[in-house]
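Visitor: A predicted structure for the sequence below; I have some questions about it.
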Amino acid sequence: MPWINWAKYSVPEVVFFITGSVMWVVAYIAMLRNDFKNKTLSIPIINVCLNFTWEAMCAFVFFPDMGLILVIGYWMWFVIDCFIVYSMFKYGKTQIRQPFLLRFYYPMLIIALAGAFLTQWFWMSGGGPGPLDGWEYPMSPVTAYTINLVMSVCYIGLLWIPNFKGNLKIIGWMKGLGTGLISVMFYLHYDDLSEPKNAYLFVLYILCALFDALYIYLLYKPQLLKAKVSEA
C-alpha cells in the first residue's frame, strides 16, 4: 500500500481530508482535556459508542484506500478513542438526568457498544450492492456521515443539560470545520449525484453543516437557551 494513493485521490482531496482530520484530532484532544479537568464527558454518549466501533473497524478491518498514512492516522484515532471510551465509563453519567437510566448505565453502555459494532459490521460488509459488497464506499463515508449527523444533533441536546461542563467553543468550531472540509473532499470524490447513495451523502453533508452551525451559534447565545428553559 502506498503512503498516499495518488492514483485515486487528487491533491485537493488529500489536503481537504487531512486538514479536516487534524481539526478533528484537535477537537478530540480538547474533549479529553476537558473531561479529565471537569470530570465530565464532552461528547454525546451514543456517539462515543458509534465512533469507537466505526474507527476500530476502519483501523483494523475495512482499511481506507487513500493510503498508508491514513491507516496510521486511523490507528492513532483508535487509541484516542480508547481514552474517550474510558471517559464515558468514568464520567458519562454527567449527561444522564433520569434515575432509571443511571441505575442501568453500565449495562446500557455494553449493549450500545455491541449494537453499534454489529449494525456497522453488517452494514459495511454484508449483503448489499455497494463497492465493498455492503452498503458502503471505500473510506466508509455513508456510515461516517450517518454517525456524524447523529452527533451534530445530539450536541445541541447537551446544551440543555443543567450545569453541564462539556460544551466548549473550540470543540464546536473544530468538529464543525473539520467535518465541513471532509465533506468537500467527499463531494469532490463522489460528485455524481445521479446515484442514490451520492444524493444521500450530499444531504448528509448539508444537514451536518446546518446542525454544526446551529450548535456554534447557540454556544455564543446562551440567553436563548435560558429563554427556552424558562418557557418550558
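Guide: Cool, got the structure. Quantities reported herein were computed from a predicted structural model and do not represent experimental measurements.

Visitor: what residue ranges in the chain score low on pLDDT?
Guide: 126-135, 192-197, 227-232 (pLDDT under 70).

Visitor: helices of that one, start to end?
Guide: Taking DSSP state H as the criterion, the chain carries its helices at 11-38, 45-60, 68-91, 99-103, 105-125, 141-158, 169-189, 196-219, 222-231.

Visitor: can you put those in a markdown table and add distance to N5 and mean neighbour count?
Guide: (Glycine included, C-beta is placed from N, CA and C.) Listed next are the helices of the chain as a markdown table, based on distance: least, CB to CB, whole Å; neighbours: other CB atoms under 10 Å:
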| stretch | distance to N5 | mean neighbour count |
| --- | --- | --- |
| helix 11-38 | 9 | 18 |
| helix 45-60 | 15 | 21 |
| helix 68-91 | 9 | 17 |
| helix 99-103 | 44 | 10 |
| helix 105-125 | 19 | 15 |
| helix 141-158 | 16 | 20 |
| helix 169-189 | 11 | 20 |
| helix 196-219 | 20 | 17 |
| helix 222-231 | 45 | 10 |
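
Visitor: tell me which of those helices lies nearest to P2.
Guide: Closest approach to P2 among the helices of the chain (CB to CB): helix 68-91, 6.7 Å.

Visitor: and that closest one, how far out from the chain middle?
Guide: Relative to the centre of its chain, helix 68-91 is centred 12 Å away, using CA atoms, centre = their mean, to the nearest Å.

Visitor: helices or strands up against it?
Guide: Packing contacts for helix 68-91, counted by 3 or more CB pairs under 8 Å, 6 or more residues apart in numbering; DSSP states H and E, involve helix 11-38, helix 45-60, helix 105-125.

Visitor: kindly recompute the last result at 6 Å.
Guide: helix 11-38, helix 45-60 (3 or more CB pairs under 6 Å, 6 or more residues apart in numbering; DSSP states H and E).

Visitor: so can I have CSV of those showing distance to F211?
Guide: Shown next, in CSV, are the helices and strands packed on helix 68-91 (distance: least, CB to CB, whole Å):
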stretch, distance to F211
helix 11-38, 15
helix 45-60, 13
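
Visitor: nearest to Y155, out of these?
Guide: Proximity to Y155 (CB to CB) singles out helix 45-60 among the helices and strands packed on helix 68-91, at 8.5 Å.

Visitor: elements contacting that closest one?
Guide: Contact here means 3+ CB pairs under 6 Å, 6+ apart; on that basis helix 45-60 packs against helix 68-91, helix 105-125.
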